[in-house]
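# Predicted model, plus sequence, below.
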Amino acid sequence: MSNVEAERAGLRRGAPSGDSPGPEVEVLSPRAVPLGGPRAMTVRRTLPQRARTLIGAWCFADHYGPDDVAETGGMVVAPHPHTGLQTVSWLFSGEIEHRDSLGSHAFVRPGELNLMTGGHGISHSEVSTARTTVLHGVQLWVALPGEHRDAARDFQHYVPAPVPVGGAEIRVFLGSLAGAASPVRTFTPLLGAEITLAPHSTTTLAVGPAFEHGLLVDQGEVRLAGRPLRPAELGYVTTGHTTLTLENASDDTARTVLLGGVPFEEEIVMWWNFIGGSHEDIVRAREEWQAASDRFGTVDGYEGERLPAPALPNATLAPRANPPRR
């Protein structure tokens, strides 16, 4: 996906439900963002924002749908570039056709991971297919550490098997959880999993204390460590905890996405679809995209023009990092 919005704040402190024990939860509220140029669809973005730039190396989280594509037009994102990151596509319903300058031609389908490594430079397009009636899912980005920021282009596909755990069903698409592990390569230790919760169920998961975690609620009345989260909110828990307790208080199945990782200690410069280590990195990437440099290659099979880069702000782009951990 293509990031075209200005950032705004969206943090509230999660209050515990009754006297429920557990870690403190910061609740990151979403903001509506138009995505993809002239035929923009609207997504709900919880990362990044002023209160929190990253959770582990997760630096970007968009949540969209369920959208009736007959009314909204679906997703039509023309070829656009990426540097310094990996994109993670995960759907709940619908289908998206992916093409990239590595030569990959793949389809994003519910329960199937597509991970693309931009590294030094890649370009790709994303278009919901004619078979799609309802489009619903998440698009996530992972920041690459400085030593791997210029990694080679790559594309990986993986279909995780569902794992039952108490009142939950878990699909681990990155990292490991509840005895399941993904073989997909990342450049820092990460966790990514879809977790569905049965009605009126409580599930406690063992997690690594070196990880910080974020739980994005897709649907249902969910509590994380006793703190209520509304749909589209993301609850953040810092490091030092060995369990996370998820509760579905509703009569319907709840669905969430759990993200985790070791804290990403590097500062990054993030602008449009680029991540770099400095303002100059971003300027150079933009210039090379506008000049149709070989750095980003070409996307074959997409009918239409590629996305032009927006104008840079009239200021030096400052590095960003998370607030100090308490």
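Good, I have the coordinates.
# Residue 320 contacts residue 264, correct?
No. Counting by Cβ atoms under 8 Å, residue 320 stays clear of residue 264, with 10.8 Å between them. Just so you know, the C-beta spots here come from the backbone N, C-alpha and C atoms, and that holds for glycine as well.
# These two - which one has more neighbours?
Neighbour count, other Cβ atoms under 10 Å: between residue 320 and residue 264, residue 264 has more, with 22 against 15.
# Ramachandran coordinates for the more buried one?
Dihedral pair for residue 264: phi -90, psi 110, per degrees, to the nearest 10.
# cool, and residue 147?
Per degrees, to the nearest 10, the backbone of residue 147 is at phi -70, psi -20.
# Report the separation between it and residue 266.
10 Å (Cβ to Cβ, to the nearest Å).
# quick one: which of the two has more around it?
residue 266 (16 against 9).
# Report the contact partners of the more buried one.
143, 145, 146, 277, 321 (Cβ atoms under 8 Å, 6 or more residues apart in numbering).
# any idea which of these has the most stuff around it?
Going by other Cβ under 10 Å, residue 143 tops the contacts of residue 266 with 26 neighbours.
# I'd assumed residue 264 was in contact with it.
Yes. Here residue 143 lies in contact with residue 264, judged by Cβ under 8 Å, at a distance of 6.1 Å.
# what sits in contact with each of those two?
54, 57, 59.
# which one among the residues you listed gets closest to residue 34?
Checking those against residue 34 by Cβ to Cβ gives residue 59 as the nearest, at 19.8 Å.
# Show me what the residue nearest to residue 318 when sequence neighbours are not counted is bridged to.
The shortest distance from residue 318 to any non-neighbouring residue, by Cβ to Cβ, 6 or more residues apart in numbering, is to residue 269 (7.4 Å). Here residue 269 sits in beta bridges with residue 276, going by DSSP bridges.
# related to what we said a few turns ago, with pLDDT and distance to residue 119 added, can I get the contacts of residue 266 in TSV?
Converted to TSV, the contacts of residue 266 look like this (pLDDT from 0 to 100; distance: Cβ to Cβ, whole Å):
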residue	pLDDT	distance to residue 119
143	98	12
145	97	11
146	97	12
277	96	13
321	79	21
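# Dump the residues you listed to TSV, plus distance to residue 42 and secondary structure.
As requested, these are exported to TSV (distance: Cβ to Cβ, whole Å; DSSP: H, G, I helix; E, B strand; the rest coil):
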residue	distance to residue 42	secondary structure
143	24	strand
145	32	coil
146	34	helix
277	31	coil
321	29	coil
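# ok, these vs residue 132, which is closest?
Distances from residue 132 to the contacts of residue 266, taken as Cβ to Cβ, are shortest for residue 143 (29.6 Å).
# how near is the spatially most central residue of the chain to residue 58?
With distances taken as Cα atoms, centre = their mean, the residue of the chain nearest its centroid is residue 140 (1.7 Å). From residue 140 across to residue 58, the span is 6 Å (Cβ to Cβ).
# okay, and the common contacts of the two?
Joint contacts of residue 140 and residue 58 (Cβ under 8 Å, 6+ apart) are residue 259.
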